[in-house]
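*Asks:* Here is a sequence together with a model predicted from it:
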Amino acid sequence: VDVDNDSSQEHYGDQDLQDNTDQLTILENLISLPDTPTIYRVEELKRIIASVQSAGSLLVVGDQGSGKTFLAEQVYKAFLVSGFSVAFIEPSVTTKQLLLKICNSFNIPTQDFEGKNLTTQQLKQEVEIALKDGGKIMIFDDAQQIEIKIRFWLKKIVQSCPNSPILLFATSPRRGDLFLSVPRIYLDPLSDKTVRKIMKTIAQDRSIKMDEADLAYLQQRVGGNPMLAFRVVQEEYLGLDFQEGDHQRYGDGSFLIFVGLVTFIAVRFFAIGLDNRLLYALSGLFAVLFWGFYRSLRLLPGEGAKIR
């Protein structure tokens, strides 16, 4: 189901978060929509819905392409069709535009009695008053892009408006302010079986013939990332050569290098006991090479400084 965020953001639902609408009913309302796409993260969706129904704010963290935006849209539509008052907000706008989106979604006045537009500070006050009444849900996609002054304001809302939960979907959020005060869940990589199912569906939609061997080969490049699953099928269809993987599911091999270094040092002492000069020299040489390689890896940029 396509969501037009410019036209479908306004909804003035009157459903209370504490009503008797259960998770199953909300999910059924979502699935009943025409052309609803397959949802591969049903368990995560259930957990998010449960958190919102208990009026609890939540931070959903995942890698780029892990399906955060798709999941955020499904949560938005699930509550929307169930009669709840919900706003879907993309923070790639100015502070005042963001506040106006919130006001339009919850039917909050943006002008005073004289017809003058409210200032940014006045809009914040009006939003706080409306949220304190409870029963309103705000969903922020790409929350890591929210300006810091808005994040501190949202942190205040989380504390002062406990009955109006905030859902944040973010990639690598900083460990501070709003993101530190909100409980979080992580979107794990999809299982190999699910990734193959996604690639197979995409291939069938585009009339691309792929056997199990082809899917297994392409799966290695995906690393459980649904967006990469879509892309690699497209690249295969276009006949593009594979260069390198984009996923970040790689292990840290520095420990193995350290173990190798210690092993060569032990062999060196063993050579001294046997009075074997050749073994002594070789073990020393390899120990130096391993140590140099290990130090080179340690000098590589950290996770936050890597070019993505």
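*Replies:* Arrived safely, thanks for sending.

*Asks:* And the residue nearest the centre of this structure?
*Replies:* Using CA atoms, centre = their mean, the residue of the chain that lies closest to the mean C-alpha position is Gly62, 2.8 Å off.

*Asks:* On the pLDDT front, check the nearest residue in space to that residue that is not next to it in sequence for me.
*Replies:* Of all residues not flanking Gly62 in the chain, Leu187 sits nearest, at 3.3 Å (CB to CB, 6 or more residues apart in numbering). The C-beta positions use only the backbone N, C-alpha and C, and glycine is treated the same way. For Leu187, the pLDDT comes out at 93.

*Asks:* Same question for the one 4 residues further on.
*Replies:* Model confidence at Ser191, expressed as pLDDT, equals 89.

*Asks:* State the distance from it to Gly62.
*Replies:* Distance from Ser191 to Gly62, counting by CB to CB, to the nearest Å: 15 Å.

*Asks:* Mind pulling up the pLDDT for the residue nearest to the centre of the chain?
*Replies:* Predicted confidence (pLDDT) for Gly62: 92.

*Asks:* right, and it touches Tyr186 too?
*Replies:* Yes. Look at Gly62 against Tyr186 with CB atoms under 8 Å: they come within range, at 6.7 Å.

*Asks:* SS state for Glu114?
*Replies:* With DSSP: H, G, I helix; E, B strand; the rest coil as the basis, Glu114 sits in coil.

*Asks:* What about it, how many residues nearby?
*Replies:* When neighbours are counted by other CB atoms under 10 Å, Glu114 registers 5.

*Asks:* now do Ala213
*Replies:* Burial measure for Ala213: 8 neighbouring residues, criterion other CB under 10 Å.

*Asks:* Setting aside sequence neighbours, what's the nearest residue to Leu71?
*Replies:* Distances taken as CB to CB, 6+ apart put Arg41 closest to Leu71, at 5.8 Å, once the chain neighbours are dropped.

*Asks:* Ok, Thr38 next?
*Replies:* Thr201 is the one closest to Thr38 (CB to CB, 6+ apart), at 7.5 Å.

*Asks:* and the one you found, what helix or strand is that in?
*Replies:* Per DSSP states H and E: Thr201 is located in helix 192-205.

*Asks:* who touches whichever helix or strand comes after that helix?
*Replies:* Next along the chain after helix 192-205, taking DSSP H and E as the criterion, comes helix 212-219. For helix 212-219, contacts defined as CB atoms under 8 Å, 6 or more residues apart in numbering pick out 192, 195-196, 199-200, 210, 229, 232-233, 236.

*Asks:* how close does the nearest residue in space to Glu126 that is not next to it in sequence get to Leu278?
*Replies:* Counting by CB to CB, 6+ apart, Glu126 lies nearest to Ile108, which is 5.2 Å off, once chain neighbours are set aside. Distance, Ile108 to Leu278, by CB to CB: 82 Å.

*Asks:* who has more neighbours, the two?
*Replies:* Taking neighbours as other CB under 10 Å, Ile108 and Leu278 compare with Ile108 leading, 18 against 8.
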